[in-house]
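> okay, structure incoming, though there's no sequence with it:
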């Protein structure tokens with residue numbers, strides 16, 4: 001029989017954790033579960049990105065704010081040569097950026113082929129919140145950014161310029177898997193049980209001027225359905241676009257697949273539709289469902305992703321891949 005003292009102790013403990021664990025409806029309709037915040041992101045630079053996102057989530061903040069804050073870390077890091085500032089340029093020596101963001105209400109914003117703006121994810125959010133459009137591109141996206149307080153900055157670092165000039169000697173365009181196409185895709189679940197995601201990149205190194213990959217395309221590089229889950233993609237964008245990759249992952253989850261199984265089935269579909277050589281191509285998906293379960297799967301070996309939750313303190317994991 002429970003004593004009054006034991007009852008009071010348990011009641012006090014329950015009240016103390018309520019600010020961090022609030023009941024929320026899950027996809028299965030189970031109101032008895034509690035929601036624990038989690039953030040996941042692609043590649044090794046997802047670790048410092050997760051650190052920033054976790055600051056928002058751990059204080060009860062919104063998943064949308066967390067992913068926007070998180071991906072700005074690699075966007076502004078000159079040592080990351082595949083995202084934002086310091087990204088390797090296109091064939092003309094110009095750094096062009098693609099980014100998108102999506103919240104729990106299917107609101108989304110996107111920019112593509114954007115030049116000279118440090119944080120394209122912030123411009124994408126401004127598009128989402130301040131216009132009736134979803135995507136702005138090129139000079140129009142830059143004009144919009146400047147009108148909303150952003151400023152022009154040279155994003156081509158001396159290190160990246162040196163690499164580009166070296167490449168120009170032969171101009172041999174041969175993308176290598178797991179190198180220089182490493183998008184930062186981030187998904188988060190907040191304490192209110194809401195999902196959001198962001199995806200941002202400087203794209204393939206030495207791409208044709210004007211090329212846009214999957215990263216800014218809602219349904220390809222990123223998709224969020226707050227009833228089911230969210231997914232993001234990385235790798236060769238052309239192959240992701242061909243199968244509407246992130247949307248496909250979420251639809252598999254809707255059918256009852258686990259996040260990892262949903263990613264695996266989508267990778268199988270990518271392989272069946274591929275136009276490029278498998279040995280030259282990496283494609284990977286990362287997914288998170290409403291219960292906070294996550295999973296990843298890749299076409300070939302080498303994909304890593306970072307996880308930060310109340311149970312896992314920002315660890316880097318290797319995904320399974322198609323044998």
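Sure, I can see it. Treat the numbers as computed from the prediction; the structure is a model and nothing was measured.
> okay, CA-based contacts and neighbour counts for the rest of this
Noted.
> ok, residues contacting stretch 244-256?
With CA atoms under 8 Å, 6 or more residues apart in numbering as the test, stretch 244-256 has contacts from 219-225, 228-233, 240, 259, 262-263, 265-266, 270, 285, 287, 289.
> swap in stretch 115-133?
Contacts with stretch 115-133, where a contact means CA under 8 Å, 6+ apart, come from 68, 71-72, 75-76, 84-85, 94-101, 107-111, 114, 134-136, 138-139, 142, 145, 150-155, 198-200.
> try it again with 7 Å
With CA atoms under 7 Å, 6 or more residues apart in numbering as the test, stretch 115-133 has contacts from 68, 72, 75-76, 84-85, 95-101, 107-111, 134, 142, 145, 150-155, 200.
> then stretch 94-107?
When contacts are defined by CA under 7 Å, 6+ apart, stretch 94-107 is touched by residues 64, 84, 87-89, 108-115, 120-121, 124-125, 128, 155-156, 194-203, 215-216, 224-226.
> off-centre distance for it?
Relative to its chain's centre, stretch 94-107 lies at 9 Å (CA atoms, centre = their mean, to the nearest Å).
> so is residue 240 in a helix, a strand, or just coil?
helix (DSSP: H, G, I helix; E, B strand; the rest coil).
> give me the number of residues near it?
Residue 240 sits with 28 neighbouring residues when counted by other CA atoms under 10 Å.
> can I assume it is in contact with residue 213?
No: between residue 240 and residue 213 there is no contact under CA atoms under 7 Å: 8.6 Å.
> distance of the residue lying closest to residue 156 once chain neighbours are set aside from residue 256?
Spatially, and ignoring its direct neighbours in sequence, residue 156 is nearest to residue 86 (5.7 Å; CA to CA, 6 or more residues apart in numbering). According to CA to CA, to the nearest Å, residue 86 and residue 256 sit 41 Å apart.
> note down every partner strand of the helix or strand encompassing residue 136 and its orientation.
In the assignment (DSSP states H and E), residue 136 maps to strand 135-137. Within its sheet, strand 135-137 is paired with strand 108-115 (parallel), according to DSSP bridges.
> how far is the partner strand from where the chain is centred?
The chain centroid and the centroid of strand 108-115 are separated by 14 Å under CA atoms, centre = their mean.
> ranges for the strands of the stretch 1-150 of the chain?
With DSSP state E, counting those that start in this stretch as the criterion, the stretch 1-150 of the chain has strands at 38-42, 96-102, 108-115, 135-137.
> remind me what the first one packs against, helices and strands.
Read that as strand 38-42. With contacts defined as 3 or more CA pairs under 7 Å, 6 or more residues apart in numbering; DSSP states H and E, strand 38-42 has these neighbours: strand 184-189, strand 304-309.
> out of those, which comes closest to residue 40?
strand 304-309 (4.6 Å; CA to CA).
> angle of that closest one against strand 38-42?
170 degrees (axes from the mean of the first three to the mean of the last three CA atoms, to 10 degrees).
> mean confidence for strand 304-309?
If you average the pLDDT over strand 304-309, you get 97.
> just to revisit the earlier point, inside helices: which ones of the contacts of stretch 94-107?
Judged by DSSP state H, the contacts of stretch 94-107 include 64, 120, 121, 124, 125, 128 as members of helices.
> can I get the residues you listed in TSV including distance to residue 52, pLDDT and neighbour count?
Converted to TSV, the ones in helices among the contacts of stretch 94-107 look like this (distance: CA to CA, whole Å; pLDDT from 0 to 100; neighbours: other CA atoms under 10 Å):
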residue	distance to residue 52	pLDDT	neighbour count
64	13	98	26
120	17	98	33
121	15	98	30
124	19	98	30
125	18	98	26
128	22	98	21
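> quick one: the strands in the stretch 151-300 of the chain?
For the stretch 151-300 of the chain, the strands defined by DSSP E, counting those that start in this stretch occupy 184-189, 195-201, 222-225, 229-235, 283-289, 294-298.
> right, so of these, which gets closest to residue 170?
When the strands of the stretch 151-300 of the chain are compared by CA to CA, strand 229-235 sits nearest residue 170, at 24.2 Å.
> just the angle between the closest one and strand 294-298, please?
If you take the same axes, to 10 degrees, strand 229-235 sits at 30 degrees to strand 294-298.
> name the helices or strands packed onto strand 229-235?
Using 3+ CA pairs under 7 Å, 6+ apart: strand 229-235 touches strand 184-189, strand 222-225, helix 245-254, strand 283-289.
> number of nearby residues for residue 311?
10.
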